[in-house]
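Participant: Below: sequence and its predicted model.
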Amino acid sequence: MNKRTVNISSLVLLLSLLSLITTICLYYLMPMHYVSVVFAAVASLILAHFFLESSLNYDYNFLHAASMTLTTLAFSAAVYLVQPNNWITFDFWLPCLVLVNWIVPFLYCTLRDLFDRGPRFDGYHKFFNRMCIFFTLIYIFVIAKQYFITPIVPPYHKLSFGAHNFVPFMATAGYIEQTLKAGSSLNELILYVVQLICLGVPFGYLTRVAMRKLNFVFRIIIYFLFPAALEVIQYYTGLGRGDIDDCVFSLIGILIGVILFHIMNTIFQTIAARDFMISRAQQKKFHF
(Lines give C-alpha, C1' and ligand atoms only; values in the text may rest on other atoms or scores of the structure.)
Protein backbone atom coordinates (compact mmCIF):
# COMPACT_ATOMS: atom_id res chain seq x y z
CA MET A 1 0.00 0.00 0.00
CA ASN A 2 1.65 3.23 -1.15
CA LYS A 3 1.41 6.67 0.43
CA ARG A 4 -1.12 7.95 -2.09
CA THR A 5 -3.45 5.03 -1.36
CA VAL A 6 -3.26 5.68 2.38
CA ASN A 7 -3.97 9.39 1.85
CA ILE A 8 -7.03 8.76 -0.32
CA SER A 9 -8.36 6.14 2.11
CA SER A 10 -7.96 8.58 5.00
CA LEU A 11 -9.70 11.29 2.98
CA VAL A 12 -12.60 8.96 2.19
CA LEU A 13 -13.10 8.11 5.86
CA LEU A 14 -12.77 11.75 6.93
CA LEU A 15 -15.30 13.05 4.40
CA SER A 16 -17.64 10.16 5.18
CA LEU A 17 -17.43 11.01 8.88
CA LEU A 18 -18.21 14.69 8.21
CA SER A 19 -21.17 13.67 6.06
CA LEU A 20 -22.41 11.33 8.77
CA ILE A 21 -22.16 13.97 11.52
CA THR A 22 -24.03 16.51 9.40
CA THR A 23 -26.72 13.96 8.54
CA ILE A 24 -27.23 13.02 12.21
CA CYS A 25 -27.43 16.69 13.22
CA LEU A 26 -30.05 17.35 10.53
CA TYR A 27 -32.08 14.34 11.64
CA TYR A 28 -31.95 15.49 15.26
CA LEU A 29 -32.58 19.20 14.68
CA MET A 30 -35.05 19.14 11.77
CA PRO A 31 -38.60 17.93 12.52
CA MET A 32 -38.91 17.03 8.81
CA HIS A 33 -36.61 14.00 8.80
CA TYR A 34 -36.67 13.61 5.04
CA VAL A 35 -34.32 16.63 4.89
CA SER A 36 -31.51 14.46 6.31
CA VAL A 37 -32.20 11.78 3.69
CA VAL A 38 -32.09 14.35 0.86
CA PHE A 39 -28.83 15.76 2.23
CA ALA A 40 -27.33 12.26 2.54
CA ALA A 41 -28.28 11.48 -1.08
CA VAL A 42 -26.77 14.72 -2.44
CA ALA A 43 -23.62 14.41 -0.31
CA SER A 44 -23.16 10.78 -1.32
CA LEU A 45 -23.51 11.66 -5.00
CA ILE A 46 -20.95 14.47 -4.78
CA LEU A 47 -18.48 12.32 -2.85
CA ALA A 48 -18.92 9.37 -5.23
CA HIS A 49 -18.06 11.63 -8.17
CA PHE A 50 -15.09 13.14 -6.33
CA PHE A 51 -13.64 9.78 -5.28
CA LEU A 52 -13.97 8.29 -8.75
CA GLU A 53 -12.42 11.26 -10.52
CA SER A 54 -9.58 11.64 -8.03
CA SER A 55 -8.63 7.95 -7.75
CA LEU A 56 -9.58 6.71 -11.26
CA ASN A 57 -11.03 3.48 -9.84
CA TYR A 58 -14.12 2.28 -8.00
CA ASP A 59 -12.41 0.96 -4.87
CA TYR A 60 -12.83 4.12 -2.82
CA ASN A 61 -16.49 4.39 -3.72
CA PHE A 62 -16.98 0.98 -2.14
CA LEU A 63 -15.10 2.12 0.96
CA HIS A 64 -17.27 5.24 1.12
CA ALA A 65 -20.55 3.33 0.60
CA ALA A 66 -19.63 0.62 3.12
CA SER A 67 -18.54 3.06 5.84
CA MET A 68 -21.62 5.29 5.42
CA THR A 69 -24.05 2.36 5.30
CA LEU A 70 -22.60 0.70 8.40
CA THR A 71 -22.46 3.90 10.44
CA THR A 72 -26.01 4.98 9.54
CA LEU A 73 -27.20 1.43 10.28
CA ALA A 74 -25.54 1.62 13.70
CA PHE A 75 -27.13 5.04 14.28
CA SER A 76 -30.56 3.70 13.26
CA ALA A 77 -30.19 0.69 15.56
CA ALA A 78 -29.18 2.94 18.47
CA VAL A 79 -32.18 5.22 17.93
CA TYR A 80 -34.49 2.21 17.67
CA LEU A 81 -33.17 0.68 20.92
CA VAL A 82 -33.67 3.86 22.98
CA GLN A 83 -37.34 4.21 22.02
CA PRO A 84 -39.58 5.66 23.36
CA ASN A 85 -37.55 8.85 23.53
CA ASN A 86 -38.72 12.47 23.49
CA TRP A 87 -35.41 13.77 22.15
CA ILE A 88 -35.04 11.66 19.05
CA THR A 89 -37.61 9.40 17.36
CA PHE A 90 -37.31 6.39 15.11
CA ASP A 91 -39.38 6.57 11.94
CA PHE A 92 -39.55 5.43 8.31
CA TRP A 93 -36.80 7.85 7.21
CA LEU A 94 -34.01 6.12 9.14
CA PRO A 95 -34.15 2.89 7.08
CA CYS A 96 -34.33 5.14 4.01
CA LEU A 97 -31.17 6.85 5.20
CA VAL A 98 -29.33 3.53 5.36
CA LEU A 99 -30.57 2.51 1.91
CA VAL A 100 -29.66 5.86 0.32
CA ASN A 101 -26.06 5.61 1.48
CA TRP A 102 -25.74 2.26 -0.30
CA ILE A 103 -27.81 2.81 -3.41
CA VAL A 104 -26.58 6.29 -4.48
CA PRO A 105 -22.89 5.28 -4.92
CA PHE A 106 -24.05 2.02 -6.51
CA LEU A 107 -26.27 3.74 -9.08
CA TYR A 108 -23.71 6.47 -9.78
CA CYS A 109 -20.89 3.98 -10.44
CA THR A 110 -23.23 1.82 -12.53
CA LEU A 111 -24.15 4.79 -14.74
CA ARG A 112 -20.49 5.78 -15.08
CA ASP A 113 -19.56 2.27 -16.20
CA LEU A 114 -22.51 2.28 -18.59
CA PHE A 115 -21.73 5.58 -20.34
CA ASP A 116 -17.95 6.02 -19.96
CA ARG A 117 -15.78 4.94 -22.84
CA GLY A 118 -12.17 3.83 -22.64
CA PRO A 119 -10.20 1.96 -19.97
CA ARG A 120 -9.85 4.85 -17.50
CA PHE A 121 -12.36 3.52 -14.96
CA ASP A 122 -12.16 -0.20 -15.54
CA GLY A 123 -12.86 -2.21 -12.39
CA TYR A 124 -16.62 -1.79 -12.01
CA HIS A 125 -17.10 -5.57 -12.07
CA LYS A 126 -15.14 -5.96 -8.81
CA PHE A 127 -16.99 -3.00 -7.29
CA PHE A 128 -20.34 -4.56 -8.22
CA ASN A 129 -19.45 -7.90 -6.63
CA ARG A 130 -18.26 -6.23 -3.44
CA MET A 131 -21.41 -4.12 -3.19
CA CYS A 132 -23.60 -7.19 -3.69
CA ILE A 133 -21.76 -9.19 -1.01
CA PHE A 134 -21.90 -6.26 1.40
CA PHE A 135 -25.62 -5.73 0.74
CA THR A 136 -26.28 -9.45 1.23
CA LEU A 137 -24.83 -9.29 4.74
CA ILE A 138 -27.06 -6.31 5.59
CA TYR A 139 -30.02 -8.05 3.95
CA ILE A 140 -29.58 -11.16 6.11
CA PHE A 141 -29.68 -8.97 9.21
CA VAL A 142 -32.83 -7.19 7.99
CA ILE A 143 -34.60 -10.49 7.19
CA ALA A 144 -33.73 -11.85 10.64
CA LYS A 145 -35.09 -8.72 12.32
CA GLN A 146 -38.26 -8.34 10.26
CA TYR A 147 -39.22 -12.01 10.36
CA PHE A 148 -37.96 -13.33 13.71
CA ILE A 149 -36.65 -10.64 16.10
CA THR A 150 -39.43 -8.03 15.75
CA PRO A 151 -41.71 -9.72 13.23
CA ILE A 152 -43.96 -7.61 11.03
CA VAL A 153 -47.57 -8.77 11.30
CA PRO A 154 -50.71 -7.86 9.36
CA PRO A 155 -53.40 -5.61 10.85
CA TYR A 156 -55.89 -8.51 10.87
CA HIS A 157 -56.02 -11.53 13.16
CA LYS A 158 -56.05 -15.23 12.41
CA LEU A 159 -59.16 -16.82 10.90
CA SER A 160 -61.96 -16.74 13.45
CA PHE A 161 -62.81 -20.45 13.12
CA GLY A 162 -59.23 -21.47 13.91
CA ALA A 163 -58.40 -22.96 10.52
CA HIS A 164 -55.10 -22.49 8.74
CA ASN A 165 -55.17 -20.27 5.70
CA PHE A 166 -54.10 -22.19 2.59
CA VAL A 167 -56.11 -20.09 0.12
CA PRO A 168 -54.17 -17.04 -1.17
CA PHE A 169 -55.68 -13.68 -0.25
CA MET A 170 -58.71 -15.15 1.59
CA ALA A 171 -57.79 -13.49 4.91
CA THR A 172 -56.55 -10.33 3.19
CA ALA A 173 -59.70 -9.99 1.08
CA GLY A 174 -61.86 -10.52 4.17
CA TYR A 175 -60.02 -7.77 6.03
CA ILE A 176 -60.31 -5.38 3.07
CA GLU A 177 -64.06 -6.04 2.83
CA GLN A 178 -64.63 -5.47 6.55
CA THR A 179 -62.46 -2.34 6.58
CA LEU A 180 -64.22 -0.77 3.60
CA LYS A 181 -67.65 -1.52 5.10
CA ALA A 182 -66.56 0.17 8.32
CA GLY A 183 -65.24 3.17 6.38
CA SER A 184 -61.76 2.78 7.88
CA SER A 185 -58.35 3.30 6.28
CA LEU A 186 -56.36 0.55 4.57
CA ASN A 187 -53.04 2.28 5.26
CA GLU A 188 -51.85 -0.35 7.75
CA LEU A 189 -52.49 -3.17 5.30
CA ILE A 190 -50.84 -1.27 2.44
CA LEU A 191 -47.75 -0.62 4.56
CA TYR A 192 -47.59 -4.28 5.55
CA VAL A 193 -47.88 -5.49 1.95
CA VAL A 194 -45.28 -2.98 0.71
CA GLN A 195 -42.81 -4.13 3.37
CA LEU A 196 -43.16 -7.78 2.37
CA ILE A 197 -42.79 -7.00 -1.32
CA CYS A 198 -39.74 -4.80 -0.70
CA LEU A 199 -38.12 -7.54 1.39
CA GLY A 200 -38.48 -9.93 -1.55
CA VAL A 201 -36.95 -7.63 -4.19
CA PRO A 202 -33.28 -7.97 -3.09
CA PHE A 203 -33.53 -11.76 -2.94
CA GLY A 204 -34.85 -11.93 -6.50
CA TYR A 205 -32.15 -9.62 -7.82
CA LEU A 206 -29.22 -11.09 -5.88
CA THR A 207 -30.22 -14.68 -6.62
CA ARG A 208 -30.45 -13.90 -10.33
CA VAL A 209 -26.97 -12.33 -10.15
CA ALA A 210 -25.33 -15.08 -8.10
CA MET A 211 -26.98 -17.99 -9.90
CA ARG A 212 -27.08 -16.62 -13.45
CA LYS A 213 -25.37 -19.79 -14.75
CA LEU A 214 -27.80 -22.10 -12.96
CA ASN A 215 -30.57 -23.85 -14.86
CA PHE A 216 -33.79 -21.81 -15.11
CA VAL A 217 -35.88 -24.52 -13.40
CA PHE A 218 -33.54 -24.64 -10.38
CA ARG A 219 -33.71 -20.86 -10.02
CA ILE A 220 -37.52 -21.02 -10.03
CA ILE A 221 -37.40 -23.65 -7.27
CA ILE A 222 -35.11 -21.45 -5.18
CA TYR A 223 -37.40 -18.45 -5.69
CA PHE A 224 -40.32 -20.45 -4.28
CA LEU A 225 -38.38 -22.18 -1.50
CA PHE A 226 -37.06 -18.99 0.12
CA PRO A 227 -40.37 -17.33 1.14
CA ALA A 228 -41.93 -20.75 1.86
CA ALA A 229 -39.07 -21.61 4.23
CA LEU A 230 -39.42 -18.28 6.06
CA GLU A 231 -43.15 -18.82 6.57
CA VAL A 232 -42.69 -22.44 7.71
CA ILE A 233 -40.04 -21.37 10.25
CA GLN A 234 -42.35 -18.62 11.51
CA TYR A 235 -45.22 -21.08 11.82
CA TYR A 236 -43.27 -23.67 13.84
CA THR A 237 -41.36 -21.20 16.02
CA GLY A 238 -44.36 -18.98 16.74
CA LEU A 239 -42.36 -15.93 15.72
CA GLY A 240 -44.44 -13.73 13.46
CA ARG A 241 -47.23 -15.30 11.42
CA GLY A 242 -46.76 -18.03 8.83
CA ASP A 243 -49.35 -17.45 6.11
CA ILE A 244 -49.83 -18.13 2.40
CA ASP A 245 -50.53 -14.44 1.71
CA ASP A 246 -47.13 -13.43 3.05
CA CYS A 247 -45.49 -16.01 0.79
CA VAL A 248 -47.31 -14.64 -2.27
CA PHE A 249 -46.37 -11.03 -1.48
CA SER A 250 -42.73 -12.08 -1.09
CA LEU A 251 -42.89 -13.88 -4.44
CA ILE A 252 -44.17 -10.68 -6.05
CA GLY A 253 -41.12 -8.86 -4.64
CA ILE A 254 -38.81 -11.61 -5.91
CA LEU A 255 -40.35 -11.32 -9.37
CA ILE A 256 -39.76 -7.55 -9.31
CA GLY A 257 -36.10 -8.18 -8.37
CA VAL A 258 -35.65 -10.57 -11.30
CA ILE A 259 -37.27 -8.05 -13.65
CA LEU A 260 -34.90 -5.33 -12.39
CA PHE A 261 -31.95 -7.59 -13.22
CA HIS A 262 -33.17 -8.09 -16.77
CA ILE A 263 -33.92 -4.39 -17.24
CA MET A 264 -30.41 -3.50 -16.08
CA ASN A 265 -28.84 -6.13 -18.32
CA THR A 266 -30.91 -5.03 -21.33
CA ILE A 267 -29.84 -1.42 -20.84
CA PHE A 268 -26.17 -2.45 -20.77
CA GLN A 269 -26.56 -4.63 -23.85
CA THR A 270 -28.26 -1.77 -25.73
CA ILE A 271 -25.90 1.06 -24.74
CA ALA A 272 -22.60 -0.63 -23.88
CA ALA A 273 -23.00 -3.71 -26.11
CA ARG A 274 -22.20 -6.12 -23.27
CA ASP A 275 -23.76 -7.78 -20.23
CA PHE A 276 -23.27 -5.72 -17.10
CA MET A 277 -21.82 -8.82 -15.40
CA ILE A 278 -18.95 -8.83 -17.93
CA SER A 279 -16.05 -6.47 -17.22
CA ARG A 280 -14.46 -4.37 -19.94
CA ALA A 281 -11.30 -6.49 -19.80
CA GLN A 282 -13.38 -9.64 -20.44
CA GLN A 283 -15.21 -7.88 -23.27
CA LYS A 284 -11.93 -7.08 -25.01
CA LYS A 285 -10.77 -10.68 -24.61
CA PHE A 286 -14.00 -11.97 -26.14
CA HIS A 287 -13.60 -9.61 -29.08
CA PHE A 288 -10.17 -11.01 -29.78
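Facilitator: Happy to help now that I have it.
Participant: right, and Leu230 touches Ala144 too?
Facilitator: No - using Cβ atoms under 8 Å, Leu230 makes no contact with Ala144, being 10.3 Å away. The way it works is simple: take the backbone N, C-alpha and C, and place the C-beta from them, glycine included.
Participant: So for the two, which residue has more residues nearby?
Facilitator: Legend: neighbour count by other Cβ atoms under 10 Å for Leu230 and Ala144, higher for Leu230 (22 against 11).
Participant: Can you give the distance of the helix or strand harbouring Asn265 from its chain's centre?
Facilitator: Of the helices and strands defined by DSSP states H and E, Asn265 is found in helix 244-271. Computed by Cα atoms, centre = their mean, to the nearest Å, the chain-centroid distance of helix 244-271 equals 13 Å.
Participant: helices or strands next to it in the packing?
Facilitator: helix 93-115, helix 187-210, helix 216-237 (3 or more Cβ pairs under 8 Å, 6 or more residues apart in numbering; DSSP states H and E).
Participant: can you pull the contacts of the closest residue in space to Phe268 that isn't next to it in sequence?
Facilitator: Computed as Cβ to Cβ, 6 or more residues apart in numbering, the closest residue to Phe268 that is not its neighbour in sequence is Phe276, at 4.0 Å. By Cβ atoms under 8 Å, 6 or more residues apart in numbering, the residues touching Phe276 are 110, 113-114, 128, 264-265, 267-268.
Participant: let's go with 7 Å and repeat that
Facilitator: Contact partners of Phe276, counting by Cβ atoms under 7 Å, 6 or more residues apart in numbering, are 264-265, 268.
Participant: As JSON lines, those residues with distance to Tyr139 would be great.
Facilitator: Output for those, formatted as JSON lines (distance: Cβ to Cβ, whole Å):
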{"residue": "Met264", "distance to Tyr139": "18"}
{"residue": "Asn265", "distance to Tyr139": "21"}
{"residue": "Phe268", "distance to Tyr139": "23"}
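Participant: which intervals of the stretch 51-200 of the chain have sub-threshold pLDDT?
Facilitator: Applying pLDDT under 70 to the stretch 51-200 of the chain flags the ranges 118-120, 122, 157-167.
Participant: 50 instead, please
Facilitator: Across the stretch 51-200 of the chain, the ranges flagged by pLDDT under 50 are 161-163.
Participant: in it, which spans are helices?
Facilitator: Using DSSP state H, counting those that start in this stretch, the helices found in the stretch 51-200 of the chain span residues 59-81, 93-115, 124-144, 170-182, 187-210.
Participant: burial of Ser192, as a residue count?
Facilitator: Quick fix: residue 192 is Tyr, not Ser. Per other Cβ under 10 Å, the neighbour tally for Tyr192 reads 19.
Participant: so how far is Phe276 from it?
Facilitator: In this view, Tyr192 and Phe276 are 33 Å apart by Cβ to Cβ, to the nearest Å.
Participant: Leu20 now?
Facilitator: For Leu20, the distance to Phe276 - Cβ to Cβ - is 30 Å.
Participant: List of residues touching stretch 194-209?
Facilitator: Stretch 194-209 has contacts (Cβ under 7 Å, 6+ apart) with 132, 135-136, 139, 143, 146, 152, 219, 222-223, 226-227, 246, 249-258, 260-261.
Participant: What subset of those residues is buried?
Facilitator: Applying 16 or more other Cβ atoms under 10 Å to the contacts of stretch 194-209, the neighbour count classes 132, 135, 143, 146, 219, 223, 226-227, 246, 249-254, 256-258, 261 as buried.
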